[in-house]
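**Student:** output the structure for:
(one chain, ligands or ions: 2)
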Amino acid sequence: MSLQWTRGTIVSRREWYDGLFTLRVEALDVLPFEPGQFLQLGLPLGDKHVHRPYSVASPHGSCLEFFIVLVPDGELTPHLYRLSVGDQIDVSDKPAGRFTLSHGPLGSTLWLIATGTGLAPYIAMLRSGQVWKQYERVVLVHGVRYGNDLAYREELEGFQDRNPSRFAYIPTTSRDDHFHALTGRISTLLDSGELEDRAGERFEAERSGVMLCGNPAMLDEMEQLLIARGLTRHRSKSPGQIVVERYW
Ligand SMILES: Cc1cc2nc3c(=O)[nH]c(=O)nc-3n(C[C@H](O)[C@H](O)[C@H](O)COP(=O)(O)OP(=O)(O)OC[C@H]3O[C@@H](n4cnc5c(N)ncnc54)[C@H](O)[C@@H]3O)c2cc1C
Ligand SMILES: NC(=O)c1ccc[n+]([C@@H]2O[C@H](COP(=O)([O-])OP(=O)(O)OC[C@H]3O[C@@H](n4cnc5c(N)ncnc54)[C@H](OP(=O)(O)O)[C@@H]3O)[C@@H](O)[C@H]2O)c1
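**Tutor:** Ligands and ions are numbered 1, 2, ... in the order given. Predicted coordinates:
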């Protein structure tokens, strides 16, 4: 099915750190979507229209937030990176994807695990009220290379300060030591037990739902480690604990 485009206008741009940025786009004709779904962003480049999927980092509303990393030799992101306030962008009008809470895993604790910009769908889920109605506790793990890449840190610490018994934010950095973060890859920290120690609970089939988003190598490694703990992939016909979104 061909994509239908609606006009968006950049209303704000924030660069968290070199090459890591958030665009807020006003696009009035986008159909309602659930936190965790994605839209396509596109630009006419030469004689082509180049577009890619992006998770929306905000709940449905007239303003859409996108958290993006510059892939230096990528086809689209160098152009998205150069956009500034007032510029136009094409936005697909129909949301897509099943990486949502309504297709989410069972369990009383929801683990939201991301590398890099894989954080985007979780920001939308946390800002919407739905996640708190569905789960008793939420543990968000954000794995990045360097402390400077911990975008949205203040907002996430704010959720934790307001509700410490129901929300834990666990940043991890793999290439430096950062004051707030565990040091190492998420998968290494799961293997060593440090991740569960910081969260104050274990991955258990009876109580843990897990959403994984971002780098595909992380998704594969984490899924194998969780399967070894007795968790299984969640499917509508055979409920389990693990739900995955692959970015590439
Ligand atoms: C469902 C879905 C949702 C997505 N949501 C987001 C999002 O919210 N934010 C976002 O930045 N990207 C997101 N992506 C990735 C995005 O669609 C593009 O692939 C990415 O922006 C690169 O586009 P490009 O044209 O510049 O690079 P391309 O020329 O298409 O090069 C692709 C290569 O870039 C690298 N790459 C792609 N995405 C990322 C990434 N996010 N982080 C690190 N390396 C990457 C990989 O090596 C990949 O092979 C999503 C992808 C999918 C499938
Ligand atoms: N500020 C930025 O983040 C930034 C800015 C500009 C451009 N870029 C470019 O964007 C691209 C992606 O960078 P990124 O840092 O966002 O994403 P990334 O390469 O996916 O790294 C994010 C995190 O995932 C970890 N990881 C990788 N493989 C894993 C695995 N198998 N299991 C568990 N964890 C794993 C990384 O650890 P390791 O450190 O061990 O790899 C890192 O902690 C790169 O081309 C980069 O040069 C990034």
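**Student:** tell me which element residue 132 falls in.
**Tutor:** Assigning secondary structure by DSSP states H and E places residue 132 in helix 130-134.
**Student:** mind giving me the domain ranges of the chain?
**Tutor:** Using automatic domain parsing, the domain parsing of the chain gives 5-92, 101-246.
**Student:** tell me, how many residues neighbour residue 189?
**Tutor:** 21 (other C-beta atoms under 10 Å). C-beta: built from backbone N, CA, C; applies to glycine.
**Student:** and stretch 140-160, does that touch ligand 2?
**Tutor:** Yes: shown here: stretch 140-160 in contact with ligand 2 (C-beta under 6 Å from any ligand atom) through 143, 144, 145, 149.
**Student:** who wins for most neighbours among the residues you listed?
**Tutor:** Among the residues of stretch 140-160 next to ligand 2, the one with the most neighbours (other C-beta under 10 Å) is residue 143, at 30 neighbours.
**Student:** about what we covered before: put the alpha carbons of the helix holding residue 132 into CSV.
**Tutor:** The C-alpha trace of helix 130-134 is given here as CSV (Å, rounded to 0.1, in the frame of the first residue of the first chain):
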residue,chain,number,x,y,z
GLN,A,130,-1.5,3.8,30.1
VAL,A,131,1.7,2.2,31.3
TRP,A,132,0.9,2.9,35.0
LYS,A,133,-2.6,1.4,34.7
GLN,A,134,-1.3,-1.8,33.1
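**Student:** tell me the mean pLDDT over that helix?
**Tutor:** In this model, helix 130-134 carries a mean pLDDT of 93.
**Student:** what's the answer for stretch 185-205, then?
**Tutor:** 97.
**Student:** likewise for stretch 66-83?
**Tutor:** 98.
**Student:** report the distance from it to the chain centre.
**Tutor:** 17 Å (C-alpha atoms, centre = their mean, to the nearest Å).
**Student:** and the contacts of that stretch?
**Tutor:** 10, 13, 19-25, 41-43, 45, 50-52, 54-57, 89, 116-117, 119-120, 123, 151-152 (C-beta atoms under 8 Å, 6 or more residues apart in numbering).
**Student:** now, which of the residues you listed lie within helices?
**Tutor:** Judged by DSSP state H, the subset of these located in helices is 120, 123.
**Student:** ligand 1 next: which of the contacts of stretch 66-83 are close?
**Tutor:** Answer for the contacts of stretch 66-83 near ligand 1 (C-beta under 6 Å from any ligand atom): 52, 54, 55, 116, 117, 120.
**Student:** can you verify residue 236 is assigned to a strand?
**Tutor:** No: for residue 236, which was evaluated using DSSP: H, G, I helix; E, B strand; the rest coil, the result is coil, with no strand membership.
**Student:** what's the pLDDT at it?
**Tutor:** Taking residue 236 on its own, its pLDDT is 84.
**Student:** what is the burial count for residue 187?
**Tutor:** Neighbours of residue 187 (other C-beta under 10 Å): 21.
**Student:** please apply the same query to residue 16.
**Tutor:** Counted by other C-beta under 10 Å, the residues lying close to residue 16 total 16.
**Student:** now it. Nearest residue, chain neighbours left out?
**Tutor:** residue 151 (4.0 Å; C-beta to C-beta, 6 or more residues apart in numbering).
**Student:** and the longest strand seen in the chain, what does it pack onto?
**Tutor:** In the chain, assigned by DSSP state E, the strand with the most residues is strand 5-17. Here strand 5-17 touches strand 20-26, strand 88-92, going by 3 or more C-beta pairs under 8 Å, 6 or more residues apart in numbering; DSSP states H and E.
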